[in-house]
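fold the following.
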Amino acid sequence: MLVAAAVCPCPPLLVPDVAAGAAPELADARAACTDALGVLAASRPDLLVVVGPAEQSGRGPHPEGTGGSFRGFGVDLDVRLGNVGLGSGTLPDPEASGRELPSSLAVAAWLLERTGWSDSPVEGLGVGEPLEAERCIQVGEEIGARAGRVALLVMGDASACRTLKAPGYLDERAAGFDAGVARALGAADAAAIKALDAELAQELKVSGRAPWQVLAGAAEGAGLGGALLYEDAPYGVGYLVAAWS
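Below you'll find the model as predicted:
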């Protein structure tokens, strides 16, 4: 059963080495992510599943120990999902972790390393924006049944259309969509998240819709409460941090 969840944004700029001189601009977001991961640690899960948006090559499961990199962003920085092999002299099975983490899960791995996660095994799941809501919810239900105490780290951004300089230019619908998501995440309102308009989310270049709906499926019957820890759009992209417990 799901016992806790943290919702975080997934821009590579969240990693200071990538952001370089702009790193202070997301300091509050990083701090909120740290607080959200603290809620996960306090829940003492048997299993942590990290869910994030991914392109075709990164979709599907990523076992503990899978590596990721920010070299594509010009930074000599590698990460690894979970603690497999750290300090033990044992590396993960190359057949199990042959694929590289998608960028959203690489950001998650960086957050987990930064906070020293060692509370439970960690698995990753990359989901694609086209994944239908019903399937997202089903996947979430399956994750929630994986162990007695399951926690989720859910990566994803809101709309990318909040300003004229945003990646998707300005769309007047973006602010309202993001506000609705913020309310739902802050209230742990799984029903509202399940009802998100997938077509509108795609038009607004929302990367978090599918991961959030996986969370909604996992949270069914869990009776969790929510708290919104951060909400802003510093680059015209909506970034939200929330914790459920």
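
longest helix in this structure, please.
When the chain is parsed with DSSP state H, its longest helix is helix 27-42.

follow the chain on from it and name the next helix or strand.
Remark: after helix 27-42, the chain's next helix or strand is strand 47-53, criterion DSSP states H and E.

what's next to that following strand, contact-wise?
10, 40, 81, 102, 104-105, 107-109, 112, 117, 119-129, 143, 146-147, 149-156, 207-208, 210-211, 214-215 (Cβ atoms under 8 Å, 6 or more residues apart in numbering). (Each C-beta comes from the backbone N, C-alpha and C, glycine too.)

can you say which of those are buried?
10, 40, 81, 102, 104-105, 107-109, 112, 117, 119-120, 122-127, 129, 143, 147, 149-156, 207-208, 210-211, 214-215 (16 or more other Cβ atoms under 10 Å).

can you give me the helices in the protein?
Taking DSSP H to define them, one finds helices in the chain at 16-19, 27-42, 103-114, 133-144, 174-186, 190-194, 198-203, 209-218.

buried sites along the first one?
I take that to be helix 16-19. Buried, per 16+ other Cβ under 10 Å, within helix 16-19: Pro16, Val18, Ala19.

residue ranges with poor pLDDT in the protein?
Where the chain drops to pLDDT under 70, the residues are 84-98.

just give me the residue closest to the centre of it.
Met155 (1.1 Å; Cα atoms, centre = their mean).

what's near enough to touch it?
8-10, 50-53, 104-105, 107-108, 208, 211.

distance check, it against Cys33.
10 Å (Cβ to Cβ, to the nearest Å).

overlap in contacts of those two?
Joint contacts of Met155 and Cys33 (Cβ under 8 Å, 6+ apart) are Cys8, Pro9.

Pro61 against Val139, yeah?
No. Assessed by Cβ atoms under 8 Å, Pro61 is found out of contact with Val139, at 10.7 Å.

joint contacts of these two?
Leu125.

of the two, who's got more company?
Val139 (20 against 12; other Cβ atoms under 10 Å).

can you tell me the closest non-neighbouring residue to that one?
Val214 (5.3 Å; Cβ to Cβ, 6 or more residues apart in numbering).

got the contact list for that neighbour?
Going by Cβ under 8 Å, 6+ apart, Val214 touches Val51, Leu125, Val127, Cys136, Ile137, Val139, Gly140, Ile143, Leu152, Val154.

tabulate the residues you listed (TSV), appending distance to Leu26.
Formatted as TSV, the contacts of Val214 follow (distance: Cβ to Cβ, whole Å):
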residue	distance to Leu26
Val51	21
Leu125	25
Val127	24
Cys136	27
Ile137	31
Val139	29
Gly140	28
Ile143	28
Leu152	22
Val154	18
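
let me know the closest of those to Val241.
Val154 (10.5 Å; Cβ to Cβ).

pairing partners for the closest one in the sheet, please.
Applying DSSP bridges to Val154 gives these bridge partners: Val7, Val51.

that one against Gln213, yeah?
No. Counting by Cβ under 8 Å, Val154 does not reach Gln213; the two are 9.8 Å apart.

ok, Val122 to Ala4 distance?
According to Cβ to Cβ, Val122 stands 14 Å off from Ala4.

then Ala36?
Going from Ala36 to Ala4 by Cβ to Cβ gives 9 Å.
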